[in-house]
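Peer 1: here is the input, now give the coordinates:
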Amino acid sequence: AAGDKAMEESAAATDAKVKAAKAHAASIYFHTASAPHTNDEKQLMALDKAGKAYVEAGKLAKGSVTEVAIEHEGKPFGAYLHLPPGEGPFPVLVMSNGSDMAKETMFVYYLKHLEPKGIAMVTLDTPGMGDSRNFDITDGVTDKLHIAAADWARTQPKLDGKNIFVQGVSFGGNAAMR
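Peer 2: Residues are numbered from 1 along each chain as shown. The predicted structure follows:
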């Protein structure tokens, strides 16, 4: 309900920054409602709303935030590509949280730490949750989607394929280290 209210306020706002800030608040509310990320239908619906709000909040960035599909073993998973302003190619950070925080929580990190330095960011969910729920780690390979995202980044003309960094928080740190 708090996320829906924030999105209504975003839709009603006439100032672009207020509009995007309200959408960012909505993305956090919806993300919270999607916990504990067990892929329950209502949790997935909340996470889907978080994603829509996240893209709207991306208008706060000086560059752009877009949804992208990246493939691993012929199956896609969703990610967000954050590009700073300019032509590029930009160094890029492939980033994920752990099993309790989805990619929809990374916007402030990007705005504060990466965009001002001209660094792009690709955010993804860890296998088994969110837009990566069609993958699991029963094979013990926690970094497969991070590798797929880094390989994808190498093919993107706006990204510098020789300057790709990987970072993970909590369980995402396991994948980053691998």
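
Peer 1: got the contact list for stretch 151-163?
Peer 2: Residues from elsewhere that reach stretch 151-163, judged by C-beta atoms under 8 Å, 6 or more residues apart in numbering: 68, 70-71, 81, 83, 87-92, 94, 120, 122, 164. Quick note: C-beta positions are derived from backbone N, CA and C, even for glycine.

Peer 1: is it fair to say Gly78 lies in a strand?
Peer 2: Yes. Counting by DSSP: H, G, I helix; E, B strand; the rest coil, Gly78 is located in a strand.

Peer 1: what score does it have for pLDDT?
Peer 2: Looking at Gly78, its pLDDT stands at 92.

Peer 1: before we move on, what about the one 5 residues further on?
Peer 2: At Leu83 the predicted local distance difference test score is 97.

Peer 1: next, count neighbours for it.
Peer 2: 24 (other C-beta atoms under 10 Å).

Peer 1: grab the nearest non-local neighbour of it.
Peer 2: Of all residues not flanking Leu83 in the chain, Gly63 sits nearest, at 4.5 Å (C-beta to C-beta, 6 or more residues apart in numbering).

Peer 1: look up how far Tyr29 lies from that neighbour.
Peer 2: Going from Gly63 to Tyr29 by C-beta to C-beta, to the nearest Å gives 25 Å.
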